[in-house]
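Colleague: please work out how this folds:
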Amino acid sequence: MKKLTLISGLLLAMMLCSDVYAQLSKQERKEWKKKAKEYKKNPEQLKDLEAANRSLNSEVSKLTNENKSLQSQLSDRDAKISELNQDLTKLRSDLAAARAEVNELRRSASAEPQRKGVTPGVAFRVQIGAFRNKDLSKYFEQHENFAGEKDADGAQKITLMEFKDYWEADTFKKYMREMGVKDAWIVSYKDGVRVPLKDVLEGVIAD
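Modeller: Alright, predicted model coming up:
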């Protein structure tokens, strides 16, 4: 039994060395022959070497599997980075297009002429009456100082002139009353929209 164990150890040693033995130099062959004799005298050492070899192979296999897992994770990460880069490129493109659109709208707004009859800021007109059975709208486009608008009841409110200064409007109102238009009174607008006089009067008088 002891001889069988020894023979098995020698065969294992030969198998371990067979792949590289043919490439060994003359000096290296002598050294390995010497080691083989030592293993022959001490088979326990060869057994320990075999156990160490199995342990190393197991560790190599474990590290190989871990490396494959890391490579897979790295591949997934690279794919995610690529996807995020594509999204970022699209967002930058959309932002550039939006900015160009905003700039174009600004240019269009600055180039667009002011609508007729719309004065930016606060303006004042003198209303001379409100009529239900008189439609004078056909004259509005022909005379810039003559205008009108309909209220919720359908009455057409007729106004004359347009002033940026409240006191000029007040003076014109007094002229109208002296000329017999007893219902003449001042109405106010802000950016072309009619607003209550009290909403703008305080600031205008203060100025």
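
Colleague: number of residues surrounding residue 166?
Modeller: 19 (other Cβ atoms under 10 Å). Every C-beta, even on glycine, is put in place using the N, C-alpha and C of the backbone.

Colleague: go ahead and confirm it touches residue 125.
Modeller: No. Look at residue 166 against residue 125 with Cβ atoms under 8 Å: they stay out of range, at 11.3 Å.

Colleague: pLDDT score for residue 164?
Modeller: For residue 164, the model assigns a pLDDT of 91.

Colleague: return the distance of the lengthiest helix in the chain from the chain's centre.
Modeller: Determined from DSSP state H, the single longest helix within the chain is helix 43-111. How far helix 43-111 lies from its chain's middle: 23 Å, per Cα atoms, centre = their mean, to the nearest Å.

Colleague: how about stretch 150-157?
Modeller: 48 Å.

Colleague: got the contact list for it?
Modeller: 127, 129, 130, 131, 132, 134, 135, 136, 137, 148, 149, 187 (Cβ atoms under 8 Å, 6 or more residues apart in numbering).

Colleague: buried ones in that stretch?
Modeller: 155, 156, 157 (16 or more other Cβ atoms under 10 Å).

Colleague: what would the residues you listed look like in CSV with pLDDT and secondary structure?
Modeller: Supplementary listing: the buried residues of stretch 150-157 in CSV, determined by pLDDT from 0 to 100; DSSP: H, G, I helix; E, B strand; the rest coil:
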residue, pLDDT, secondary structure
155, 86, coil
156, 87, strand
157, 88, strand
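
Colleague: re the thing from before, common neighbours of residue 166 and residue 125, please.
Modeller: residue 186.

Colleague: now the lengthiest strand in the chain - C-alpha only, CSV.
Modeller: Secondary structure assigned by DSSP state E gives strand 122-131 as the longest strand of the chain. Output in CSV follows, covering the C-alpha atoms of strand 122-131 (Å, rounded to 0.1, in the frame of the first residue of the first chain):
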residue,chain,number,x,y,z
VAL,A,122,-51.4,104.5,-19.5
ALA,A,123,-53.5,106.7,-21.7
PHE,A,124,-56.7,108.8,-21.3
ARG,A,125,-59.6,109.5,-23.5
VAL,A,126,-62.7,111.7,-23.1
GLN,A,127,-65.9,109.8,-23.4
ILE,A,128,-68.8,111.8,-24.8
GLY,A,129,-71.6,109.3,-24.6
ALA,A,130,-72.9,105.7,-24.8
PHE,A,131,-75.4,104.9,-27.6
